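**Student:** Structure for this input, please:
(one chain, ligands or ions: 1)
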Amino acid sequence: MTFDPQTSKQDQAKRAEIAAEQAYVSMLYDKLDAERELADRKFTEALRSSAEPPQEAAERETATATYSDRLAQLKSVEQGLCFGRLDFAEDATDDEPTIYIGRVGLFDDGDDYRPLLIDWRAPVARPFYLATAASPEGVRRRRHIRTLSRRVVGIDDEVLDLGAGEHTDHLGLAGEAALLAALERRRTGEMTDIVSTIQAEQDRIIRADMNGVLVVQGGPGTGKTAVALHRAAYLLYTYRRQLTTRGVLVVGPNSTFLRYIGQVLPSLGETGVLLATVGELFPGLSATGLDTPEAAEIKGRLVMTEVLDKAVRDRQTVPEDVLEVPVEGGEVLVLDRRTCERAREKARRTLQPHNLARRVFVDRLLDALADQAVRKLESDVLDELPEIPLTEDEVDSGPMLDARDHATIRAELAEDPAVQAALQSLWPKLTPQELLSDLLTDPERLGSAAGDVLPEREWRALLRKPGSLWTPADVPLLDELAELLGEDDTEARARRERQRREERAYAEGVLHVLEQDDEIIDEEVIRVRDVLDAELLAERQEASSNLTAAQRAALDRSWTFGHVIVDEAQELSEMDWRLLMRRCPSRSMTLVGDVSQTGSAAGTSSWDRVLRPYVADRWRLRELTVNYRTPAEIMRLASAVLAEIDPDLTAPRSVRESGVEPWRRSSSPDSLASDVRRWVEEELTALMEERGGGTLAVLCPHAEEGRLSAELAETQARAGFDDTGDNPRVSVLTVDRAKGLEFDAVIVVDPEGIAEASPRGLNDLYVALTRATQRLGIVHTAPPMPALSGEQTSSSAAG
Ligand SMILES: Nc1ncnc2c1ncn2[C@@H]1O[C@H](COP(=O)(O)OP(=O)(O)OP(=O)(O)O)[C@@H](O)[C@H]1O
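**Tutor:** Residues are numbered from 1 along each chain as shown. Below you'll find the predicted structure:
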């Protein structure tokens, strides 16, 4: 080996730089520890402080919440606390010539709060993501600092002067070395944040204005999910006050996906976000059932609003002729068709939801029944009395019973079980669950509600057995029904009013005690009641419940969010959109997705089509064009499938090559399971050799899932993981469950079967082919489809 003095000098210089950065980073961790200690102390103090004066109790609760949030944030930023440094050109800034960038802001309180570490979301940190040699934004040098625990293990520098154009490649990547190192990392089964290597096109989306609907369209692996989550963190930082009250909702396609992304926001110090699937947005209901693809697609159509509207109207009935009501005491009153029709018409004309309009209907019929009862009573009495003719100067004194008697009789009838049963049969009080369940299990009801707008074959596809589980596609229908039915909240309101009166009485008592204290201490000082009345005190007690906006939102169907982010937005049905738009009347939304990856038959191929009914053309489109996940070798194969979907579509450009070509092999239906097991084991060995481990997924058609899972159970167990674990090494998945996920290696089984399984099967295949970060294998069980029979693979011998 020859000694190169030049290299050795560079090494020494680099070691010195690393040592200097280590000193700074250690100082930051010391500061972090001190901040944690402080927050911890204040939190404990706030918890301990006795809440004697009630206004302090409210303040104490606010302080407890603030310090516990701060503590959680400071704990979450331990890994990679500081990851960047910018050195500005001498005349570029009046402030610091050097700034450090990290996950959280830290300041030197002994030096006029001089920034020691700048939060990545602060405007001053922006050049870290945007500056290029061509447009350096005053930056002389951008440095990525790599740390492991609290140790600095490397630095990557880019000098951004005009002569340094060669430091950025054709894709305009910022911090290329750090980026490529991040992309090469072995996957763990959980998504990680990208805060140190966000690219310029991503940064512009993350920091885009919060108002209005922003659609982010991008091919597979372009960082849509990453961008969506970092945008949530950015918005919470920038619009903290607004969003802490109303909360942010992030919607994902399924619970596997939500688990996969679940750690990203906490690692960015943000916990107040509700992550949910649309199926989880009806509080108190868990949608664990499965629809057939056909039923799910039909339930997702907008026409279902008409079906449900009709279903509700069908429950507002009138008798064929008369309905007999045998009330207590032996009388039989009657409700005739015409009276009922009039009452129904009047109730419908209020345009109120069914359960609220019911009050009008009930009032009308109770009036009618009371009139009838009074008339009967009077005539019974008169029948029993001997008829005494009026003398000349006498006049008829009118009805025997006055208005008060009438009201008493009406009130008694309202309590009468037979009357209640009659009213319930004509215009029942309904919950969304009761109505939908009745509708989907009764051909007669469903035929009546849907017969005019759906062909019989289609509405029959929705029928199911009584007691079936709720499905995700039921949830938007239930939500729609909740709107159509409304909640008769008379009882709830009375309960709340009672509670409020009790709270007020308690607050009055507290104030009374405090006033006595005031008098003893000093008659001249401002009195407690001058600054705090019982009403305000009661309100404070109510408002200081410890739940975050996200937690309260999860319990409240009618909650409206400050911002809604939807991932894999192309999969949502028209009915899903209706539900989400209801949760976000301000239309402050970020929707990320890829119309080339739509798998669900109810999903969309056009953003315009889904958004037009809600915002016309007032939505902005941004595109992501670089694929960070899938290596170029795999993308070449996937692009052929994309061209088959639509020749006008272009796949995103891969940022790197892996040096490993995808392989294709054939198998027969009989030996498929054992062949796949063998190839999985080969791939696992390759992953171990090349990368020291990693994750592998077998993606297959629904029909093969059970067989392959069983065959691979032993391999999974041997690898020390099982399929139900949070972090499986080998997973067997259908494509819908793999959506949005990624693995180091992927084996796609029966691509032709996947492509043919549904009208959007080619899209599913495109998704399957783009899940791998390193290695891809394809197993054919039928003659390869043209897009996959190309020359680009080093096809192995048939298995
Ligand atoms: N700027 C970046 N720095 C480092 N890693 C990145 C960056 N952008 C994206 N990635 C990584 O690329 C991978 C793909 O990102 P992501 O899952 O967000 O893409 P996507 O567009 O949502 O993909 P798909 O539509 O296929 O689900 C992830 O591992 C993500 O961490």
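**Student:** low-scoring stretches of this protein, by residue?
**Tutor:** Along the chain, the model assigns pLDDT under 70 to residues 1-7, 50-58, 92-96, 162-172, 381-401, 488-496, 500, 503-546, 718-728, 790-799.
**Student:** For it, what lies in contact range of the ligand?
**Tutor:** Neighbours of the ligand within the chain, by Cβ under 6 Å from any ligand atom: 179, 182-183, 194, 197-199, 202, 218, 220-226, 594, 597, 628-629, 740, 742, 770. Heads up, the C-betas are built off the backbone N, CA and C, glycines and all.
**Student:** Narrow the residues you listed to those in strands?
**Tutor:** Using DSSP state E, the members of those that fall in strands are residue 218.
**Student:** Put the alpha carbons of the helix or strand where residue 611 lies into PDB.
**Tutor:** Taking DSSP states H and E as the criterion, residue 611 maps to helix 607-615. Provided in PDB are the C-alpha atoms of helix 607-615 (Å, rounded to 0.1, in the frame of the first residue of the first chain):
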ATOM      1  CA  TRP A 607     -58.300  14.500  -9.100                       C
ATOM      2  CA  ASP A 608     -60.600  17.000 -10.900                       C
ATOM      3  CA  ARG A 609     -63.500  14.600 -10.800                       C
ATOM      4  CA  VAL A 610     -63.400  14.000  -7.000                       C
ATOM      5  CA  LEU A 611     -62.700  17.600  -6.000                       C
ATOM      6  CA  ARG A 612     -64.900  19.500  -8.400                       C
ATOM      7  CA  PRO A 613     -68.100  19.000  -6.400                       C
ATOM      8  CA  TYR A 614     -66.500  20.500  -3.300                       C
ATOM      9  CA  VAL A 615     -64.100  23.200  -4.500                       C
END
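**Student:** what comes into contact with it?
**Tutor:** Residues outside helix 607-615 that contact it (Cβ atoms under 8 Å, 6 or more residues apart in numbering) are 212-213, 215, 217, 572, 574, 577, 581, 587, 591, 595, 604, 617, 619, 621.
**Student:** Which of these fall within helices?
**Tutor:** Among the contacts of helix 607-615, the members falling in helices (DSSP state H) are 574, 577, 581.
**Student:** For those residues, pick the one with the most neighbours.
**Tutor:** residue 577 (22 neighbours; other Cβ atoms under 10 Å).
**Student:** Would you mind checking the contacts of helix 607-615 for buried ones?
**Tutor:** Those of these that meet the buried threshold are 213, 215, 217, 572, 574, 577, 581, 591, 595, 604, 619, by 16 or more other Cβ atoms under 10 Å.
**Student:** possible to save those as JSON lines with distance to residue 59?
**Tutor:** Shown next, in JSON lines, are the buried ones among the contacts of helix 607-615 (distance: Cβ to Cβ, whole Å):
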{"residue": "213", "distance to residue 59": "39"}
{"residue": "215", "distance to residue 59": "43"}
{"residue": "217", "distance to residue 59": "47"}
{"residue": "572", "distance to residue 59": "43"}
{"residue": "574", "distance to residue 59": "47"}
{"residue": "577", "distance to residue 59": "42"}
{"residue": "581", "distance to residue 59": "38"}
{"residue": "591", "distance to residue 59": "40"}
{"residue": "595", "distance to residue 59": "51"}
{"residue": "604", "distance to residue 59": "49"}
{"residue": "619", "distance to residue 59": "42"}
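**Student:** Wait, residue 624 touches residue 200, no?
**Tutor:** No: counting by Cβ atoms under 8 Å, residue 624 does not reach residue 200; the two are 11.1 Å apart.
**Student:** Those two: which has the busier surroundings?
**Tutor:** Between residue 624 and residue 200, counted using other Cβ under 10 Å, the more crowded position is residue 624 (23 against 15).
**Student:** I'd like to know how far that one sits from residue 199.
**Tutor:** Using Cβ to Cβ, to the nearest Å, residue 624 is found at 9 Å from residue 199.
**Student:** ok, so what distance separates residue 636 from the ligand?
**Tutor:** Noted for residue 636: a distance of 17 Å to the ligand, by Cβ to the nearest ligand atom, to the nearest Å.
**Student:** returning to that earlier point: and for residue 624 and residue 199, which residues touch both?
**Tutor:** residue 223.
**Student:** Next up, the contacts around residue 80.
**Tutor:** Applying Cβ under 8 Å, 6+ apart to residue 80 gives the contacts 102, 103, 147, 195, 196.
**Student:** Could you do residue 31 as well?
**Tutor:** Contacts of residue 31 by Cβ under 8 Å, 6+ apart are 106, 108, 116, 117.
**Student:** what's the burial count for residue 629?
**Tutor:** 22.
**Student:** Sorry, slip of the keys, the one I care about is residue 646.
**Tutor:** Per other Cβ under 10 Å, the neighbour tally for residue 646 reads 13.
**Student:** For it, which non-adjacent residue is closest in space?
**Tutor:** Once flanking residues are discounted, residue 646 sits nearest to residue 596: 7.3 Å by Cβ to Cβ, 6 or more residues apart in numbering.
**Student:** Does the one you found touch residue 762 like I think?
**Tutor:** No: using Cβ under 8 Å, residue 596 makes no contact with residue 762, being 9.3 Å away.
**Student:** Now do the shared contacts for those two.
**Tutor:** Going by Cβ under 8 Å, 6+ apart, residues that sit against residue 596 and also against residue 762 are residue 645.
**Student:** Now do the contacts for the residue positioned nearest the centre of the chain.
**Tutor:** Residue closest to the average C-alpha location in the chain (Cα atoms, centre = their mean): residue 251, at 2.4 Å. Each residue near residue 251 by Cβ under 8 Å, 6+ apart is listed here: 276, 277, 278, 564, 565, 566, 567, 580.
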